[in-house]
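In: Kindly generate the corresponding structure for this input.
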Amino acid sequence: MNRNAFFERLKNLLLFPGYEWKVISLEKRALSDVITTYVWRLILAGGFAQFIGSFFYVRNVLDIDAYRFSLPLAQAFIYIAVQFLVIITGSVFIRGIAFRFGSEKNLAKAVKLTAFSYTPVLIVFIIANLHQVLLVALLPGVYAIYLFWKGCQYMLSTPGNRRLSFSVIYLIVMLGLLFVFTRLFGYLSSLIFTGFGGV
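Out: Modelled structure (predicted):
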């Protein structure tokens, strides 16, 4: 997927999700291509924003020379790892419970559904990672539940009367995984960056 196609998909998912889900459901693109050319770009942008935000925080607030580059770099890598784990683990979970909502049990489609639905969260993280005050930018991330609601009918053939409950479960699972992985990596980082209390 070239740059123009990437931004076209981004725009269509956010503005015309019904149309774009139909296009996605008919595509024959490999799952690896979706991850490397779409998901990776959004996560990497968020990781870069995390590095920049952390770098200025360390320089302006903590002023600890030993942490000037190592702490922001660690935070950026943690962000990238957390987001990938959330998407992959969430996809496996969604695929595992799909039958309970009368949906198709297909891992490749579940990954695409989960990853593309997660787009608003990844976008707002790019903004929020620049500064903690900008965490309010995460609020539009709830749009992800709408994208999932629109997409599950095309990707997993979810019946209309089960789509809302499936979407709510998706939101709970993704937020739960995000919290758990963030806390886990935060604890592990606190063992390395002693005296700071984690990243």
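In: how about Leu130, secondary structure?
Out: Classification of Leu130 using DSSP: H, G, I helix; E, B strand; the rest coil returns coil.
In: whoops, I mixed them up, Leu42
Out: helix.
In: Show me where this protein has its strands.
Out: With strands called from DSSP state E, the chain shows none.
In: mind checking the longest helix of the protein?
Out: helix 163-192 (DSSP state H).
In: Please point out which parts of it sit buried.
Out: 163, 166-167, 169-171, 173-175, 177-178, 181-182, 185, 189 (16 or more other C-beta atoms under 10 Å). All C-beta spots, glycine's among them, are computed from the backbone N, C-alpha and C.
In: of those residues, closest to Asn2?
Out: Asn2 lies nearest to Met174 out of these, by C-beta to C-beta, at 28.4 Å.
In: Show the contacting residues for the closest one.
Out: Val86, Gly90, Thr114, Tyr118, Val121, Ala144 (C-beta atoms under 8 Å, 6 or more residues apart in numbering).
In: 7 Å instead?
Out: Met174 makes contact with Val86, Gly90, Tyr118, according to C-beta atoms under 7 Å, 6 or more residues apart in numbering.
In: rewinding a little: which two among the buried residues of helix 163-192 are spaced furthest apart?
Out: Arg163 and Ser189 (38.2 Å).
In: If I follow the layout properly, Phe185 ends up in contact with Phe84?
Out: No - Phe185 is not in contact with Phe84 according to C-beta atoms under 7 Å; the separation is 11.7 Å.
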